[in-house]
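Undergrad: Predicted coordinates and the sequence they were generated for:
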Amino acid sequence: MSSLRDLYQEVIFDHNRNPRNRGSLEQANRVAEGVNPLCGDQLKLYMLVDDEGVIRDVAFQGQGCAISTASASIMTETLKGKTEEEAHRCFEQFHAMVTGEGDGADMGKLEVLAGVRQYPTRVKCATLAWHTAEAALRQKHERVTTE
Ligand code: ZN
């Protein structure tokens, strides 16, 4: 089992060192920000959702610990191409997994974060990106702008 744990840590390390989909998204029509004050994690999430409710593109910016960054990175890869409904189900499964209510089976790459359930303070780091994605998806289909 320790080799599996090592593999998980390697994946988290890799995503933290080289986050996927990092940056802003010019054409985003959903934007949300999230913070985890307990750890100091900050995240801004951009999504492009088409008229059929399919998430076409996702990107994130922010600063945080390795777990929050890796989780955001893996999440963006996971959500691309999913419908809002599928994304919501994914969030529920992920949340269940990291809080120990689900086993994380069939969660693919997300399974690498199952280990945080042993560290309750880390659960918020792992779920920050997902809570932010949920907030973004609850928004209406309109461009969010500060102008
Ligand atoms: Zn954190």
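TA: Cool, the structure landed. Numbers count the residues shown, from 1 in each chain.

Undergrad: C-alpha only now, for contacts and for neighbours.
TA: Noted.

Undergrad: Val31 against Ala136, yeah?
TA: Yes - at 5.4 Å, Val31 counts as touching Ala136 under the criterion of CA atoms under 8 Å.

Undergrad: what sits in contact with each of the two?
TA: 45-47 (CA atoms under 8 Å, 6 or more residues apart in numbering).

Undergrad: tell me which of the residues you listed is nearest to His131?
TA: Top of the list for closeness to His131, among the shared contacts of Val31 and Ala136 and by CA to CA, is Leu45 at 10.3 Å.

Undergrad: Now do the same contact list for the closest one.
TA: Contacts of Leu45 were listed using CA under 8 Å, 6+ apart, and they are 24, 31-33, 58-61, 129, 132-133, 136.

Undergrad: which of those residues tops the neighbour count?
TA: For these, neighbours were counted by other CA atoms under 10 Å; the highest total belongs to Ala129, with 32 neighbours.

Undergrad: Tell me how far Ala126 lies from Phe91.
TA: Distance, Ala126 to Phe91, by CA to CA, to the nearest Å: 11 Å.

Undergrad: Could you check which of these two has the larger neighbour count?
TA: Legend: neighbour count by other CA under 10 Å for Ala126 and Phe91, higher for Ala126 (27 against 20).

Undergrad: Please save the CA atoms from the top helix by length along the chain in PDB.
TA: Identified as the longest helix of the chain according to DSSP state H is helix 120-138. Taking Å, rounded to 0.1, in the frame of the first residue of the first chain, the C-alpha atoms of helix 120-138 are listed here in PDB:
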ATOM      1  CA  PRO A 120      -9.200  17.100   8.700                       C
ATOM      2  CA  THR A 121      -7.600  20.500   8.400                       C
ATOM      3  CA  ARG A 122      -6.500  19.600   4.900                       C
ATOM      4  CA  VAL A 123     -10.000  18.700   3.700                       C
ATOM      5  CA  LYS A 124     -10.700  22.400   3.200                       C
ATOM      6  CA  CYS A 125      -7.600  22.800   1.100                       C
ATOM      7  CA  ALA A 126      -8.700  19.900  -1.100                       C
ATOM      8  CA  THR A 127     -12.300  21.100  -1.500                       C
ATOM      9  CA  LEU A 128     -11.600  24.800  -2.000                       C
ATOM     10  CA  ALA A 129     -11.400  24.600  -5.800                       C
ATOM     11  CA  TRP A 130     -14.600  22.500  -5.800                       C
ATOM     12  CA  HIS A 131     -16.600  24.900  -3.700                       C
ATOM     13  CA  THR A 132     -15.400  27.700  -5.900                       C
ATOM     14  CA  ALA A 133     -16.500  25.700  -9.000                       C
ATOM     15  CA  GLU A 134     -19.900  25.100  -7.500                       C
ATOM     16  CA  ALA A 135     -20.200  28.900  -6.900                       C
ATOM     17  CA  ALA A 136     -19.200  29.600 -10.500                       C
ATOM     18  CA  LEU A 137     -21.700  27.100 -11.800                       C
ATOM     19  CA  ARG A 138     -24.500  28.600  -9.800                       C
END
